[in-house]
Each structure stands twice: as structure tokens, then as C-alpha cells.
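**Student:** predicted model and sequence follow; I will ask about them next.
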Amino acid sequence: MIPATIIREAQADGVRLALSPSGTIKATGDGAAVNRWLAVISERKAEIIDALKVSPGDTATASRWWLIHYPDRDPLEVACCPEATHADILERHPDAVAAEPFTPTTRQASAPLTAEDETAIRAWLALIEETDPATIAEVIGQCQRDADARDYFTGRAAAELAKPAPFPDDRRTCDQCANLIARRCQAAKRGEIAASRNYEPIRDLRRRCEGYAPRPEDTDRRPGRARWPELI
């Protein structure tokens, strides 16, 4: 078993492994359970100590990708931007029993990174106040090569960047038009629009119509000919 698996399965058995102030392994829990794990712990002691190390100031423990282990479910892969330390990860995931940096398998991008996606990624990096040119270049380079990285960063940008204001829709339905009486268009009956005199329009279809007449609840009192002169 790898150290992370040992830590996780020991936790599930009621044994918590941690580092003592002197840097050795401290196993706590039910005495019988601790005894069951002593042989495995002794055999893989050095590797388990490395897995348990928490060194917030040590840049070697900082990573963009972390594999987080839990006692009761499958490990979780997490991507971080900016890079996170081991201590950061355990603070963000207090129910984890172990975490280890890893290098994800690269899924090659099938198409070049578009200018639109690159602009969105750069905007998101600016949003999180990432200004280091080397880090920005690394992220863009990774997104050009790695499909999973591209999906992650474009997804963060889509979720967190401010959305543009929706385009104003000035269309109206026939149900909103005062010329619709008993399902028939009175503007068509009067020959004001190009349609049969008995024209029965689709009443809930939004459109621009030169024969539109606003009902009292429409705050824009202009008729269709004034509202959409390009139709004439």
C-alpha cells in the first residue's frame, strides 16, 4: 500500500496517524487497532512521515494539483490556482486524512486555444489578482497543451467572471398588441400589414410588427411604425 492508503485505511480502522513534535509518527486510537497497524507503520515509516509532513513555508510542498484522501470515499483530485501548500489543502478539506501533490495525466487538446478562451482565462487570473507574468504564461501554456487544464480554467472563468448585460429585447407578442381582438389581427383586417384580412397570428411569438399597437400596460406608447421604422 502507498502511504496515503495506509493513512486512510488506518483512519477508517480507528487509528489516527500524525507527526509528533519530534517528527516521528504518533498513532492514536483504540489500543487493539493501533497494534494491528504497528507492523505496517514500522515497515513504511519513512514514507508515511513524508506523507504526513506539513511545512507551510516549504515551497517544495506547494503544488497546483493535489490528490486528497478521505476515510470514507474515493480520493479527490483538486486543481489550485495559485499553487497551494499541504497545509492550505488540509485547512480547506478538514475531513481529509491525507493529501499528496501529483502530476495529472495530460489529455492533449484536440484544437488550438481560441483567442476568446485565452482572453477569458487572463481576465479570470486578473480577477483573482494573479499578476506574475511567469505564472500567467505557465497557465496559458498549460491550457494550450492540456485539455483538462483548459476545461478547468475556462470553467472557472465562465462561473466567476461578471456576465455582460443581456441584449435588450424590444420585441412584443401579439397577445401584447391592442390590435389582437378575438384571435384576429385588426391591423391585417384594415390592410395595414401584409397578411390575410382574416389573419390569426401565433399569439405568443415575439416579433417586431409595423402594425403593433401598445396596450395600456406597455410603457412605450409608440406604435409599431414608429418603434421599428426599418420594417416599413
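**Tutor:** Done, it's in. Owing to the predicted nature of the structure, the values given are computational and were not obtained by experimental measurement. Numbers count the residues shown, from 1 in each chain.

**Student:** start and end of stretch 173-187, how far apart?
**Tutor:** Terminal residues of stretch 173-187 are spaced 14 Å apart (CA to CA, to the nearest Å).

**Student:** contacts for that stretch?
**Tutor:** Outside stretch 173-187, the residues that touch it by CB atoms under 8 Å, 6 or more residues apart in numbering are 193, 195, 198-207, 209, 211-215, 218. (Glycine included, C-beta is placed from N, CA and C.)

**Student:** try it again with 7 Å
**Tutor:** Stretch 173-187 is touched from outside by 193, 195, 198-201, 203-206, 211-215, 218, with contacts defined as CB atoms under 7 Å, 6 or more residues apart in numbering.

**Student:** of those, buried ones?
**Tutor:** Neighbour-count burial within those applies to I193, A195, Y199, P201, G211, Y212, A213, P214; the criterion is 16 or more other CB atoms under 10 Å.

**Student:** backbone dihedrals for the residue located most distally from the centre of the chain, please?
**Tutor:** Distance from the C-alpha centroid of the chain peaks at R190, with 54.9 Å (CA atoms, centre = their mean). The phi/psi pair for R190 (degrees, to the nearest 10) reads phi -90, psi 0.

**Student:** and the longest strand along the chain, what does it pack against?
**Tutor:** Using DSSP state E, we find that the single longest strand of the chain is strand 76-84. Applying 3 or more CB pairs under 7 Å, 6 or more residues apart in numbering; DSSP states H and E, one finds that strand 76-84 contacts strand 63-69.

**Student:** give the other helices and strands that the strand it packs on contacts.
**Tutor:** Counting by 3+ CB pairs under 7 Å, 6+ apart, strand 63-69 packs on helix 3-12, strand 76-84, strand 98-101.

**Student:** contact partners of it?
**Tutor:** 4, 7-8, 75-81, 83-84, 89, 93, 96-104.

**Student:** which PyMOL command selects the buried ones in these?
**Tutor:** Those of those that count as buried under 16+ other CB under 10 Å are selected in PyMOL with:
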select buried, resi 4+7+8+75+78+79+80+81+83+84+89+93+96+97+98+99+100+101
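
**Student:** now Y70: closest residue in space that isn't a chain neighbour?
**Tutor:** Closest residue to Y70 apart from its sequence neighbours, by CB to CB, 6 or more residues apart in numbering: A96 at 5.8 Å.

**Student:** hang on, isn't the one you found packed against D72?
**Tutor:** No: at 11.0 Å, A96 does not count as touching D72 under the criterion of CB atoms under 7 Å.

**Student:** count the residues that sit near P216.
**Tutor:** 7 (other CB atoms under 10 Å).

**Student:** strands along this structure, start to end?
**Tutor:** Going by DSSP E, the chain shows strands at 15-19, 25-29, 63-69, 76-84, 98-101, 180-181, 184-185.

**Student:** wait, which of those strands is closest to I121?
**Tutor:** strand 76-84 (10.0 Å; CB to CB).

**Student:** so where's the chain shaky on pLDDT?
**Tutor:** 21, 53-61, 165 (pLDDT under 70).

**Student:** neighbours of A137, how many?
**Tutor:** Based on other CB under 10 Å, the number of other residues close to A137 is 10.

**Student:** residues contacting it?
**Tutor:** Neighbours of A137 in contact, by CB under 7 Å, 6+ apart: none.

**Student:** and E118, by the same measure?
**Tutor:** Per CB under 7 Å, 6+ apart, neighbours of E118: I140.

**Student:** ditto for H93
**Tutor:** For H93, the contacting residues are I68, by CB under 7 Å, 6+ apart.

**Student:** can you tell me how far it sits from P75?
**Tutor:** 11 Å (CB to CB, to the nearest Å).
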